[in-house]
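>>> sequence plus predicted model, see below.
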Amino acid sequence: MSRIGKKPINIKDVDVKISGQDVTVKGKLGELSMTAHPNITVKAEGDELIVTRPNDQKANRALHGLTRALLQNMVTGVSEGFKKSLKIVGVGFRAELKPNGLLLNVGYSHPIFFIPPKEIKIEVTSPTEITISGADKELVGNVAAKIRSFRKPEPYKGKGIKYSDEVIIRKAGKAAGK
């Protein structure tokens, strides 16, 4: 058995609706839904969701743990939410929240205007710190990666947009080689 797949999912704080292979989870932060693979069975028993598989084939074993992890992320997302923090490093680099998007000045000749999806909430806590939050873990991660891709941190001075917990490994410049 999959160690992750066989764990039950606690659903006390959320409403779960299962119709065939479609699972919808509704909580205080929103509503998420997914369609489980036809080989995987999802059942609600009391305050728990149980994910089962028909046999021990390699593909079914992989889908078992995956489906359970995706359902757990949905339950966590609609009850608590997910957050990613970005830090902007560089002289003159800054972010500014506008009414319909995020304005980034990160060393190009032009500012970058980013319009986030409506499910995502972006906060600029200081001109060099951005917090992205939402119920969908995948979407929060994708938006954070998209913003980071506008100016990835470079290894010599560390300038760019990085995750707040990311460590940039520095390289020595030309002068250090002598």
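Nice, I can see it.

>>> in the chain, where's the longest strand?
strand 82-89 (DSSP state E).

>>> helices and strands around that strand, which ones?
strand 129-134, helix 137-149, strand 160-163 (3 or more Cβ pairs under 8 Å, 6 or more residues apart in numbering; DSSP states H and E). C-beta: built from backbone N, CA, C; applies to glycine.

>>> just checking, residue 14 touches residue 26?
Yes - using Cβ atoms under 8 Å, residue 14 is in contact with residue 26, at 6.4 Å.

>>> if you count neighbours, what's buried in the longest strand of the chain?
Neighbour counts over strand 82-89 (16 or more other Cβ atoms under 10 Å) mark 82, 84-89 as buried.

>>> please convert those residues to TSV, extending it with distance to residue 113 and pLDDT.
As requested, the buried residues of strand 82-89 are exported to TSV (distance: Cβ to Cβ, whole Å; pLDDT from 0 to 100):
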residue	distance to residue 113	pLDDT
82	24	96
84	20	96
85	21	97
86	16	97
87	20	97
88	15	96
89	21	95
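
>>> list just the nearest of those to residue 7.
Nearest to residue 7 among the buried residues of strand 82-89, counting by Cβ to Cβ, is residue 82 at 19.7 Å.

>>> for that closest one, list each beta-bridge partner.
Beta-bridge pairing of residue 82 under DSSP bridges involves residue 134.

>>> and the one 4 residues further on, by the same measure?
Taking DSSP bridges, one obtains residue 130, residue 163 as the residues bridged to residue 86.

>>> any idea how far it is from residue 112?
Separation of residue 86 from residue 112 (Cβ to Cβ, to the nearest Å): 13 Å.

>>> about what we covered before: list the buried residues for the helix or strand following the longest strand of the chain?
Once the chain leaves strand 82-89, the next helix or strand it forms, by DSSP states H and E, is strand 94-98. Counting neighbours by 16+ other Cβ under 10 Å, one finds that the buried residues in strand 94-98 are residue 95.

>>> so which elements touch the helix or strand just after strand 94-98?
Proceeding N to C from strand 94-98, the next assigned helix or strand is strand 101-105, under DSSP H and E. Secondary-structure packing of strand 101-105 (3+ Cβ pairs under 8 Å, 6+ apart): strand 94-98, strand 112-114.
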